[in-house]
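Chemist: pasting the structure only:
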């Protein structure tokens, strides 16, 4: 309860109110779902219930921003699992939905019901009864089940709760993001069959073209895509005069700009972060579903975020801490490639850097080119963004080969 005992419950990678990485993964997943669904046309609203031993309506139907604020403000409680109260509270929240709107309930949980029963009904039976009431109100219940162990009866129970018997399940909390695309399609595609359209009228009279055909193919706007951004934080980014490793932004007189936060180190790296955030925000204005992953690299490459929505990505970029070091393009490309491996959309990688490879094998350049070839073979379109601070023709040729 309330994240106690600490040694059994607490992860120090998140704040005390969130308690553990698993609950943070649920919050991130929820925010990503709201962000993605909000891009679709039409009127929509979101309400939110948190549940453990009981259920609490944390937000009445509201817009995207208020929902994200509410999700981020949740305080982990611990306790038993009361699905009946969760479903009933959600049902109440959806009771005022206009009749022309579809109603959905996403139940995100990792176990069977352990609370909410009565002398005549088990917790599971009570939850199933609550689900039947919600379905009677035309609420489409979609269970998202984190099956971290071979829980006897767990999947069958969730299938009974579900409106169509389907359960979206994963085996760990970090894998929740792999369900997002399929869930978005289920929620966004109306179950109503559209009225048939009339046959097109054939015009027998030849019509002259309205303009001369272009020499280049037009850009198709609106297709779904996923983009990995790889941000260079090697020493050359923050070096002021002579090249420095700038490890942890030292020596300060050669690396540090006092106009930016200490973790950012220098204005150059702040420019990279600002550019990356702007790219994400601009791309997110286009129609279609898009997700973004973030990799930082210097001596090594590190995936800082898997495929997430624009809001979460902007926050991740803002929180990046400059490291300094050498330039390992091989690992940057490898980590980006890995983050895109589960994508079924068009896949892009933006490599933002200011130099050639200086580490990553006996021949860093060859290793980077080999890894880039692997990424391209997997359908990843690589876009280098090269900050050429000197007349580095070798660097430009290398980037063209990438």
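Modeler: Perfect, thanks for sending it. Here the structure is a predicted model, which means the values were calculated and not measured.

Chemist: how much space between the residue nearest to residue 372 when sequence neighbours are not counted and residue 373?
Modeler: Excluding its sequence neighbours, the residue lying closest to residue 372 (Cβ to Cβ, 6 or more residues apart in numbering) is residue 402, at 4.9 Å. Where you see a C-beta, it was placed from the backbone N, CA and C, and this is true even at glycine. Distance, residue 402 to residue 373, using Cβ to Cβ, to the nearest Å: 10 Å.

Chemist: When these two are compared, which one has more neighbours?
Modeler: residue 402 (22 against 14; other Cβ atoms under 10 Å).

Chemist: show me where this protein has strands.
Modeler: 46-51, 55-62, 103-109, 139-146, 168-170, 225-232, 290-297, 301-308, 346-353, 380-386 (DSSP state E).

Chemist: Could you export those strands as TSV, including mean pLDDT, mean neighbour count and distance to residue 280?
Modeler: Shown next, in TSV, are the strands of the chain (pLDDT from 0 to 100; neighbours: other Cβ atoms under 10 Å; distance: least, Cβ to Cβ, whole Å):
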stretch	mean pLDDT	mean neighbour count	distance to residue 280
strand 46-51	95	22	22
strand 55-62	91	16	24
strand 103-109	95	20	25
strand 139-146	94	22	26
strand 168-170	89	18	26
strand 225-232	96	25	7
strand 290-297	93	26	6
strand 301-308	89	20	10
strand 346-353	96	22	10
strand 380-386	95	18	13
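
Chemist: Need those in TSV (columns: distance to residue 395).
Modeler: Output for these, formatted as TSV (distance: least, Cβ to Cβ, whole Å):
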stretch	distance to residue 395
strand 46-51	47
strand 55-62	50
strand 103-109	47
strand 139-146	46
strand 168-170	42
strand 225-232	12
strand 290-297	16
strand 301-308	19
strand 346-353	9
strand 380-386	7
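
Chemist: Quick check, the residue nearest to residue 372 in contact with residue 380.
Modeler: No - the criterion here is Cβ atoms under 8 Å, and residue 402 misses it with residue 380 at 11.4 Å.

Chemist: between the helix or strand of the chain at the bottom of the mean pLDDT ranking and strand 225-232, how many degrees?
Modeler: In the chain, no helix or strand scores lower on mean pLDDT, DSSP states H and E than helix 180-188, which sits at a mean of 80. Relative orientation of helix 180-188 and strand 225-232, computed by axes from the mean of the first three to the mean of the last three Cα atoms, to 10 degrees: 140 degrees.

Chemist: Relative to residue 244, which of the strands of the chain is closest?
Modeler: In terms of Cβ to Cβ, the element of the strands of the chain nearest to residue 244 is strand 225-232, at 14.8 Å.

Chemist: partners of the closest one in the sheet?
Modeler: strand 290-297 (parallel), strand 346-353 (parallel) (DSSP bridges).

Chemist: Out of those, the one nearest residue 70 is which?
Modeler: Short answer: strand 290-297, nearest of the strands paired with strand 225-232 by Cβ to Cβ, at 22.3 Å.

Chemist: Now stretch 16-28: buried residues?
Modeler: For stretch 16-28, burial by neighbour count (16 or more other Cβ atoms under 10 Å) applies to 18, 19, 20, 22, 23, 24, 25, 26, 27, 28.

Chemist: Using a markdown table, please lay out those residues together with pLDDT and distance to residue 292.
Modeler: Converted to a markdown table, those look like this (pLDDT from 0 to 100; distance: Cβ to Cβ, whole Å):
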| residue | pLDDT | distance to residue 292 |
| --- | --- | --- |
| 18 | 90 | 22 |
| 19 | 92 | 27 |
| 20 | 91 | 25 |
| 22 | 91 | 23 |
| 23 | 93 | 23 |
| 24 | 89 | 18 |
| 25 | 89 | 17 |
| 26 | 93 | 20 |
| 27 | 90 | 18 |
| 28 | 86 | 13 |
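
Chemist: Quick one: mark the members of these that sit in helices.
Modeler: When these are checked against helices (DSSP state H), the matches are 22, 23, 24, 25, 26, 27, 28.

Chemist: Quick check: of the buried residues of stretch 16-28, which lies closest to residue 124?
Modeler: Distances from residue 124 to these, taken by Cβ to Cβ, are shortest for residue 26, at 21.6 Å.

Chemist: what sits against the spatially closest residue to that closest one that is not a sequence neighbour?
Modeler: Distances taken as Cβ to Cβ, 6+ apart place residue 108 nearest to residue 26, at 5.8 Å, with adjacent residues excluded. Neighbour list for residue 108: 26, 29, 30, 144, 146, 176 [criterion: Cβ atoms under 8 Å, 6 or more residues apart in numbering].
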